[in-house]
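>>> Generate coordinates for the sequence data below:
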Amino acid sequence: MSNNKSVSIAFKRHDHERCSDSALKTVEDYCKRHNLQLTPTRRKVLELLLEAHRAIGAYSLLDLLKEAGFRSQPTVAYRALDFLVEHGFVHKIQRLNAFLACTHPGTAHSPAFMICRRCETVAETNLEVPGFNLSIDERSLGFKIEQTVIEAQGLCHSCTEMT
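Sure, this is the predicted structure:
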């Protein structure tokens, strides 16, 4: 991993460029397989979130779209975000009122989010708590889960060291 590509995400280091390229390719393949249109605006919003590797609010995304030469109307950004969230490519982080590119785009999963209350870094993790299995509960109760949002707030390692 080259040092200029290695950045911190979700409290650990990784190859940012390879991660972003892989996620974008996964989304493109998913859209082709499911006959979904990854319009230029949708693609750009996803690219911006992948490049940032952090949660970004809709109006900040709107500014970034405008800088990239796209129309700067809120409905444009919200429609793109609605599509990306609906298909599991992006998550809405309720606590921050912001959006984050999914680490497992296009796969059915119930993520949980760890949010640093100081630096607002967000880490997506799979929810695997012993005795807590939403998919089993869903089937046994005859309930179809459409969306889950589990967010934990605390301090990341870097912020803990600063205190």
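
>>> Just the pLDDT for L64.
On pLDDT, L64 comes in at 94.

>>> so where does it fall, helix or strand?
Per DSSP states H and E: L64 is located in helix 58-67.

>>> likewise F113?
strand 111-116.

>>> Residues in contact with that strand: which ones?
When contacts are defined by CB atoms under 8 Å, 6 or more residues apart in numbering, strand 111-116 is touched by residues 10-11, 91, 93, 95-96, 100, 102-104, 121-127, 148-156, 159. For the C-beta atoms, the positions are set from N, CA and C on the backbone; glycine is no exception.

>>> Enumerate the positions of the longest helix belonging to the chain that are buried.
If you go by DSSP state H, the chain has its longest helix at helix 16-33. Of the residues in helix 16-33, 16-17, 19-20, 23-24, 26-27, 30-31 count as buried by neighbour count, 16 or more other CB atoms under 10 Å.

>>> likewise stretch 36-51?
Using 16+ other CB under 10 Å as the test for burial, stretch 36-51 gives 36, 38, 41-50.

>>> so who does H109 touch?
H109 neighbours (CB under 8 Å, 6+ apart): 88, 126.

>>> Figure out the helix or strand that it lives in.
Short version, using DSSP H and E: H109 is in no helix or strand.

>>> circling back to that earlier point, quick check: mean pLDDT across the strand holding F113?
Average pLDDT, strand 111-116: 86.

>>> For whichever helix or strand comes after it, which strands pair with it and how are they oriented?
Next helix or strand after strand 111-116 toward the C-terminus (DSSP H and E): strand 122-126. Strand 122-126 has the following sheet partners, assigned by DSSP bridges: strand 111-116 (antiparallel).

>>> how far is the partner strand from where the chain is centred?
Its chain's C-alpha centre and that of strand 111-116 lie 11 Å apart, by CA atoms, centre = their mean, to the nearest Å.
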